[in-house]
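K.L.:
Structure of the sequence below:
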Amino acid sequence: MKEIIYNNIKGKKVLLLFILTNLVYAFMLLVTIPKVMSFSNGMKLLDMLPTGYNAEYVNSLFDILGEKGREVYLFNQIPIDMIYPFLFGISFCLVLAYFFQKLSKLNGYFLYLCLLPVVAGIFDYLENIGIITMLINYPNLSKSLITTTNIFTIFKSVFTTVYFVILFVTIVMVIIKYAKGKIKN
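P.N.:
Residues are numbered from 1 along each chain as shown. Below you'll find the predicted structure:
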């Protein structure tokens with residue numbers, strides 16, 4: 001994994017992957033999520049609830065979505081959301097590695113921090129599989145399926161949040177490093 005990261009943290013490649021990832025994300029935010037939410041009567045989709053949900057919420061949402069809304073969720077939103085975790089994991093791993101390299105910190109445990117978005121992406125896939133299973137089996141949903149999927153949603157959110165905090169701090173450190181360099185010159 002170390003070699004893959006080192007071989008792919010060229011500025012243009014990182015930027016291209018970052019742009020592609022965010023184009024897919026923007027498409028979800030602007031097209032597929034609003035399309036599903038047009039059936040939701042204002043209820044948020046499961047993957048948009050970072051603190052989780054319970055069986056009552058899932059059943060209410062799926063009931064309000066109706067057959068057509070659940071179909072749109074399953075066949076419009078979920079397919080795009082099966083592409084996004086891969087792109088997020090790879091591109092944001094490389095973004096953090098790029099900035100760590102600028103700080104000469106791309107080694108040891110800093111390298112492992114670059115894997116946080118990959119872990120978040122894995123939990124996103126597990127969440128998506130759970131949502132797919134629930135959409136297919138509705139209204140016959142087991143409490144254990146809902147609970148497990150909810151745990152995946154929360155873990156995805158935790159790893160994503162921790163990643164962005166680390167990225168923010170790292171970017172600030174890069175800015176400070178370059179500002180100090182400019183002041184010395």
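K.L.:
Now do the lengthiest helix in the chain: distance to the chain's middle.
P.N.:
In the chain, with assignment by DSSP state H, the single longest helix is helix 143-184. The chain centroid and the centroid of helix 143-184 are separated by 11 Å, computed with Cα atoms, centre = their mean, to the nearest Å.
K.L.:
tell me the mean pLDDT for it?
P.N.:
Taken as a whole, helix 143-184 has an average pLDDT of 95.
K.L.:
tell me which element Gly52 falls in.
P.N.:
Here Gly52 is covered by no helix or strand, with elements defined by DSSP states H and E.
K.L.:
Does it touch Thr153 like I think?
P.N.:
Yes. Between Gly52 and Thr153 there is a contact at 5.7 Å, judged by Cβ atoms under 8 Å. For glycine as for every other residue, the C-beta is placed from the backbone atoms N, C-alpha and C.
K.L.:
Please enumerate the helices of this protein.
P.N.:
2-7, 11-27, 33-37, 55-72, 78-81, 84-102, 108-113, 116-137, 143-184.
K.L.:
Out of the ones you listed, which is the most enclosed?
P.N.:
Of all the helices of the chain, helix 84-102 carries the top mean neighbour count, a mean of 21, counting by mean count of other Cβ atoms under 10 Å.
K.L.:
List of residues touching that helix?
P.N.:
For helix 84-102, the external contacting residues (Cβ atoms under 8 Å, 6 or more residues apart in numbering) are 5-6, 8-9, 11, 13-14, 17-18, 20-21, 24-25, 28, 106, 110-111, 113-122, 124-125, 128, 163, 166-167, 170-171, 174, 177.
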